[in-house]
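J.: please find the sequence and the predicted model below.
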Amino acid sequence: MVIYLAKTSTAFPEIEMRRCEEYAGAHGWAISLTVLDDELGRSPDRRSRFLAAVDRIKSGEASAVLVPSKATISPLDGEFNEASHMVEKAGGFIQVAPRR
């Protein structure tokens with residue numbers, strides 16, 4: 001499991017990370033990498049940290065990308081769907097950790 005977080009301000013997204021960690025733990029998923037991405041001005045397929053998460057799936061080190069919300073990947077449905085397709089093509093899936 002790769003936890004993928006977006007850095008949208010100078011503050012570390014602590015709450016979002018904890019939510020993802022708790023969700024992964026509740027499902028028995030091991031976390032192989034936590035990514036903090038600050039390249040949000042680019043589409044997901046052009047973000048080096050998102051591509052690193054996809055590479056973890058390709059290599060078999062992870063089976064999914066866990067995000068606190070769909071908007072972490074992209075606020076645009078089309079971009080989110082393209083990113084989901086990339087992850088699925090690599091052999092994994094994107095999972096959104098729901099808010100409590």
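T.: Great, that's in hand. Numbers count the residues shown, from 1 in each chain.
J.: any chance you could map the strands in the protein?
T.: For the chain, the strands defined by DSSP state E occupy 2-6, 33-37, 64-67, 93-96.
J.: for the second one, buried residues please.
T.: Within strand 33-37, the residues that qualify as buried are 33, 35, 37, counting by 16 or more other CB atoms under 10 Å. Every C-beta, even on glycine, is put in place using the N, C-alpha and C of the backbone.
J.: about what we covered before: okay if I get the strands of the chain as TSV plus distance to Ala52 and mean pLDDT?
T.: Supplementary listing: these in TSV, determined by distance: least, CB to CB, whole Å; pLDDT from 0 to 100:
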stretch	distance to Ala52	mean pLDDT
strand 2-6	8	96
strand 33-37	6	95
strand 64-67	11	98
strand 93-96	15	98
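J.: out of these, flag the one nearest Pro75.
T.: Distances from Pro75 to each of the strands of the chain were compared by CB to CB, and the smallest falls on strand 2-6, at 10.2 Å.
J.: relative to strand 33-37, how tilted is that closest one?
T.: For strand 2-6 against strand 33-37, the angle by axes from the mean of the first three to the mean of the last three CA atoms, to 10 degrees is 20 degrees.
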